Each structure stands twice: as C-alpha cells, then as structure tokens.
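In: Okay, predicted coordinates and the sequence, questions at the end:
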Amino acid sequence: MSDFADYGYDICRSGRPPALPANLTQLDELAARQMTAEAYGYVAGGAGTEATMRANREAFDRRRLVPRVLRDVSAPDLSVELFAPTGFATRVPAPVLLGPVGVLATVHPDGELAVARAAAAVGVPLVLSLAASHSIEEVAAASGGGTRWCQFYLPADRELGVSLLARARAAGYGAIMVTLDAVTTGWRPRDLDNAYLPFLQGAGVASYVSDPVFQRAAGGPVLSWDDAMTLMANDRTFGWRDLAFIREHWEGPVLLKGILHPDDARRAADSGVDGIVVSNHGGRQVDGAIATLDALPAVVDAVGDRLTVLLDSGVRTGADVVKALVLGARAVLIARPYAFGLALDGQDGVEHVVRCLLAETQLTMILAGVSRASDLAGSGLVAAALCSPAHRGE
Ligand code: GLV
C-alpha cells in the first residue's frame, strides 16, 4: 500500500523548496506567465462568462468537512475499487485519475508522453484524449506498464470508430470513456478572441491521421485541416441506441462522461454501461450548467449501486477529493492542474501535481478520522451549508 502522504515529508527532508507550489490553486497564474496566450486560453478557458467554471469551484468551497476524532487511522488506504457492480472489479491505488486533455504538445513539447510517464510513475490511471498530440500507440509506449484508458468520441464515420476502438484495445487501454457533452465545441470567448482552434492548425489530430481508415478516406496526405475536421467529425445524431455499437466493439468497461441529470444516469445504467462521469467538461461546454458537486448527490441516489460514479470539473485540492467521495463519487478526475504542471515543469511538474494532490487527500482523510477512502461515502463528513443537520441537532 502506498503512503502517499510521504511526499510532504520528502519535500521537507530534501531541504529544497520544490520547483512548483504545493498549493495547486496557484498553478494557473504561474502557467499563464509561461504559456503562449493561445495555449493558455485554450486550457484555462471555459464557455461563455465562465459561470459554470466558477460554480464548480464554489460548490466545493460552499461545503465544509466536519472531522471526527479519536478514531484509529493507523493504516490509511487510499485505494478504491471501480466497476464492481458490473462485474469488472478493478482496484486503483488512489481515487484520482488524470482526465482527458487534448493537444498537450501546445503546452509542452513532450505533451501526453510526459503525462503518461508521470501517471505511470505515480501509479494513477491516465485517460488519454482522442484529441491528443500524440497517437494512441505512442502514448501507450510511454505509459509502459501504467494503467491507461482511452477517451472516445463517436465519429460520424462508424468504420473510423471501429478502427480507433480496435487500436485502443490492441495498445492496452483498459477502459473506454465516451464523451457525451461535446458533439461540438462550446462558445469559448478566450479562444475566439485569439482566433484559435488548435485542430485547424493540425494540432491534436495524431490518433486520427495515423489511422488507416482515416488515411483511406482522406485519399492521401492531409492538405487542408478544414477538410480533415470533416473526416473527424463527431456524430451529432449520437443517441442512446448507439451505445450498443460501442459495446459491440469494446469488451472492457465502458464509461459515459458528461452526465448531470439523474434521469440520464438511470438511462445509462439501463443501457448497461459500467460507469458514468458526472462532468460539465470543466465548464467548457454549457455556460450556466450546474456545478458537478451539486449534481452528484442526486445521480448517486439514482444509480450509485448499479454502476461506478466518477466526478470531474473543479477538483483542485485533497479536501475537494474527500468531499466528492463523501458525497458518493468513487473517484475523481483532474485535468487543468496537471496541464499547468506540464506547462511549468514537464513530466516532473505533472508528477508534483499528482503527488501533492494524493498526499493532501490522504492527510485530509485521516485528519477527518477516516482511514479508508472506500469508507468516505455516506460517512456524513460533509456539511452542506456550513452547518450539518447533526450540528443543528436534527
Ligand atoms: C475538448 O474536449 C475540449 O474541451 O477542448
């Protein structure tokens, strides 16, 4: 069992301040100074007025933990089991995964390769974006023995979809995470003000252009990224019935990312998927959408016993991870913090971010009186509005 909290001791024992801050909320401002305006705007930005991006953070801030004392916390265990309700039980060392982020070569030349190496070094699963700067196979090679999953958009060209799924399986990706909330890109003023869409510059297309079906359809080298985007287009008719197509071509766990409504969660469970991610795409798609932590309890009530519920969007601290688990998420995904770590210090920066988050999660958990991450759910440690019913004597 890993003692993730050792990272803090390691830093202090070394006597050397780390290259990046231990408070991960400070990374954004530091990265802004280092990244190109286009890359920073793309990673940091959200849809519209960014109200949902702010709401994601506010939902974490609004809730407070109510630590318990005098409990045996001598053997902390951050590991959690995923996919048990659907028969694919898999234990991961910590309730944190690296979520899919596209075009990371615009952030750092090593892009997703550095992220894959960092994830494998720390022992957390990486979910590779299909819009990555490096191909499915290149990232698999960098990830080595690390756990990797692949994010998936359903292409209008089904043959291309089959090919991408087959490549992911052959390259050792253990689960497929189907993004539902991005049939098209949201209204993102920061990118519009920079006249920037990375794919139009041939960025973030490595898995597509290396695909034999894509190459055949393109009929030769890609001459115009406008045309290439037509070939890569997501299927806007994508409906519940199409999940059968994905299941038919993927034998392992299937997750749906971008669920906020309990009725959609029920529909997902009825359709036999293994997991869902309560996500608003980091506030990048529907401005004004509900914060994910606010959406989580109703979704967990609806389907928490039938499939694995994960959460992303706004996770920045160990306390955030603990709050999400108390409210019923099995694990969380982070994205912008590791992208900023990558921008600032390559693979080391990503490792630092993940190690800080895991250390803080473990310390928060044990200081709140819980020794196992799997015991956080339903522990009643989160007070909704600064004052829990228990505190009100209810
Ligand atoms: C793609 O998924 C994006 O958020 O840019």
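Out: Everything's here; your move.
In: Pull the contacting residues for the nearest residue to residue 305 once chain neighbours are set aside.
Out: Leaving out its chain neighbours, the residue that sits closest to residue 305 by CB to CB, 6 or more residues apart in numbering is residue 85, at 6.5 Å. In this view, the C-beta of every residue, glycine as well, is placed from N, C-alpha and C. By CB atoms under 8 Å, 6 or more residues apart in numbering, residue 85 lies in contact with 305-308.
In: Next: residue 213.
Out: 157, 159-160, 162-163.
In: Could you do residue 319 as well?
Out: Contacts of residue 319 by CB under 8 Å, 6+ apart are 60, 65, 360, 364.
In: what's near enough to touch the last one?
Out: When the contact criterion is CB under 8 Å, 6+ apart, the partners of residue 364 are 65, 318-319, 321-322.
In: among those, which are in strands?
Out: Judged by DSSP state E, the subset of the contacts of residue 364 located in strands is residue 65.
In: So the residue nearest to residue 158 when sequence neighbours are not counted, which state does it fall into?
Out: Sequence neighbours aside, residue 245 is the residue nearest to residue 158 in space, at 6.9 Å (criterion: CB to CB, 6+ apart). Taking DSSP: H, G, I helix; E, B strand; the rest coil as the rule, one finds residue 245 in the helix state.
In: need the next SSE after the host helix or strand of residue 302, C-terminal direction.
Out: Using DSSP states H and E, residue 302 maps to helix 292-303. Toward the C-terminus, helix 292-303 is succeeded by strand 308-311 as the next helix or strand (DSSP H and E).
In: How about residues contacting that following strand?
Out: 82-86, 97, 255, 265, 274-279, 292-293, 296, 299-300, 303, 324, 328-333.
In: separation between residue 193 and residue 284?
Out: 15 Å (CB to CB, to the nearest Å).
In: More neighbours: which of these two?
Out: residue 284 (25 against 11; other CB atoms under 10 Å).
In: Can you check what pLDDT the model gives that one?
Out: We have a pLDDT of 98 for residue 284.
In: does it really touch residue 46, like I thought?
Out: Yes. With contact defined as CB atoms under 8 Å, residue 284 counts as touching residue 46 (5.1 Å).
In: So residue 277: helix, strand or coil?
Out: Assignment for residue 277 (three-state DSSP): strand.
In: Would you agree it is in contact with residue 255?
Out: Yes. With contact defined as CB under 8 Å, residue 277 counts as touching residue 255 (6.1 Å).
In: residues contacting the residue lying closest to residue 55 once chain neighbours are set aside?
Out: In space, and not counting its chain neighbours, residue 55 is closest to residue 291: 4.0 Å by CB to CB, 6+ apart. Contacts for residue 291 (CB under 8 Å, 6+ apart) come out as 52, 55-56, 58-59, 280, 313-314.
In: who touches whichever residue of the stretch 251-394 of the chain sits closest to the ligand in this structure?
Out: Proximity to the ligand, evaluated over the stretch 251-394 of the chain using CB to the nearest ligand atom, is greatest for residue 284 at 4.5 Å. Residues in contact with residue 284 (CB under 8 Å, 6+ apart) are 45-47, 53, 186, 188.
In: So which of these belong to helices?
Out: residue 53 (DSSP state H).
In: Save the contacts of residue 284 as TSV, and put in pLDDT too.
Out: Output for the contacts of residue 284, formatted as TSV (pLDDT from 0 to 100):
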residue	pLDDT
45	98
46	98
47	98
53	98
186	98
188	98
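In: With neighbour count as extra columns, can I get the contacts of residue 284 in JSON lines?
Out: As requested, the contacts of residue 284 are arranged in JSON lines below (neighbours: other CB atoms under 10 Å):
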{"residue": "45", "neighbour count": "21"}
{"residue": "46", "neighbour count": "25"}
{"residue": "47", "neighbour count": "24"}
{"residue": "53", "neighbour count": "24"}
{"residue": "186", "neighbour count": "20"}
{"residue": "188", "neighbour count": "21"}
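In: quick check, nearest of the contacts of residue 284 to residue 250?
Out: residue 186 (26.7 Å; CB to CB).
In: related to what we said a few turns ago, and the residue nearest to residue 158, how many neighbours does it have?
Out: 16.
In: Could you tell me which residues touch both of residue 277 and residue 255?
Out: 177, 310.
In: out of those two, which sits in the more crowded spot?
Out: Set residue 277 next to residue 255 and count neighbours by other CB under 10 Å: residue 277 wins out with 29 against 26.
In: Now do the contacts for that one.
Out: Contacts of residue 277 (CB under 8 Å, 6+ apart): 177, 255-259, 310-312, 333.
In: Which residue ranges of the chain form strands?
Out: Counting by DSSP E, the strands of the chain are 64-65, 80-82, 90-92, 96-98, 126-128, 148-152, 176-179, 254-259, 275-278, 308-311, 331-334, 382-383.
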